[in-house]
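In: Give me a model of this one.
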Amino acid sequence: MSTRDEDAAWQQIVENYGDVPVVPDAPAPEVPLAEAPEAFHIELYDEQFVPPPLPPPPVIRPERKVAWVGLIGSPVLLVVLSLIHYSLPPVLTGGLVIAFLASFGYLVATMEPHDPDDDGARV
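Out: Numbers count the residues shown, from 1 in each chain. Just a heads-up that it's a prediction; the model follows:
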């Protein structure tokens, strides 16, 4: 395409900018009423869905509860005390650190083995 043709094409675009293009009317395809698609229909139910009751929570042995309290409570207590600028005696600070480590060790040591073929998917 030559420069002159390109200039003419651009000039035509600029002259017709913003004009509505003229599109010839195409006849609408005839669709028989028997083949017309059905309208979208939603059925509303009068009853509310009530989910089944939850299963009871698992029973946790008391020594595991104490271990969880030691695992979470020790660091939280140390952080809160440091935020309010209160220093515990070194013996109590060491006790909280040992309680944290012992709780973690107990929870890891008493973990129940899982089925190696179970990937956690539920149906």
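
In: Quick check: pLDDT value at residue 87.
Out: The model reports residue 87 with a pLDDT of 90.

In: Please tell me how far it sits from residue 3.
Out: From residue 87 across to residue 3, the span is 85 Å (C-beta to C-beta, to the nearest Å). The way it works is simple: take the backbone N, C-alpha and C, and place the C-beta from them, glycine included.

In: Same check on residue 103?
Out: Distance of residue 103 to residue 3, computed by C-beta to C-beta: 83 Å.

In: Of the two, which one has the most company?
Out: Using other C-beta atoms under 10 Å as the criterion, residue 103 and residue 3 rank with residue 103 on top: 20 against 7.

In: Which residues are in contact with the more buried one?
Out: By C-beta atoms under 8 Å, 6 or more residues apart in numbering, the contact set of residue 103 is 66, 67, 68, 69, 70, 71, 74.

In: how about a cut-off of 7 Å?
Out: Listed by C-beta atoms under 7 Å, 6 or more residues apart in numbering, the contact partners of residue 103 are 67, 70, 71.

In: Many thanks, I have nothing further to ask.
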